[in-house]
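In: for reference, the sequence and a predicted model appear below.
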Amino acid sequence: MNATVGDRLLVHGNTVGERDRSGVIIEVQGADGGPPYIVRFDDGHTGLVFPGPDAVVVPQ
């Protein structure tokens, strides 16, 4: 998984009733665009994310 600043990260809910989350990648800390990422989620929360198999990067 590779990303650049400004791309969107979509994390699909992995249990019944859990909503999908999405946000903008504001910092890429891994080498060559790899994780981890600092993400500002749409709900205003900002956090360090090590995306799993339920996550997708949408280039902007």
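Out: Cool, got the structure.
In: distance-wise, check the residue nearest to the spatial centre of the chain relative to residue 16.
Out: The residue lying closest to the centre of the chain (C-alpha atoms, centre = their mean) is residue 9, at 3.3 Å. Using C-beta to C-beta, to the nearest Å, residue 9 is found at 22 Å from residue 16. Just so you know, the C-beta spots here come from the backbone N, C-alpha and C atoms, and that holds for glycine as well.
In: try residue 37
Out: 27 Å.
In: out of those two, which sits in the busier spot?
Out: Between residue 37 and residue 16, residue 37 has the larger neighbour count (other C-beta atoms under 10 Å), namely 26 against 5.
In: that one touches residue 9, doesn't it?
Out: Yes - counting by C-beta atoms under 8 Å, residue 37 touches residue 9, with 6.4 Å between them.
In: how many other residues sit next to residue 20?
Out: By the measure other C-beta under 10 Å, the count of residues near residue 20 is 11.
In: for it, give me its contacts.
Out: Taking C-beta atoms under 8 Å, 6 or more residues apart in numbering, we find residue 20 in contact with 10-13.
In: residue 29 too?
Out: 35-38, 48 are the contacts of residue 29 under C-beta under 8 Å, 6+ apart.
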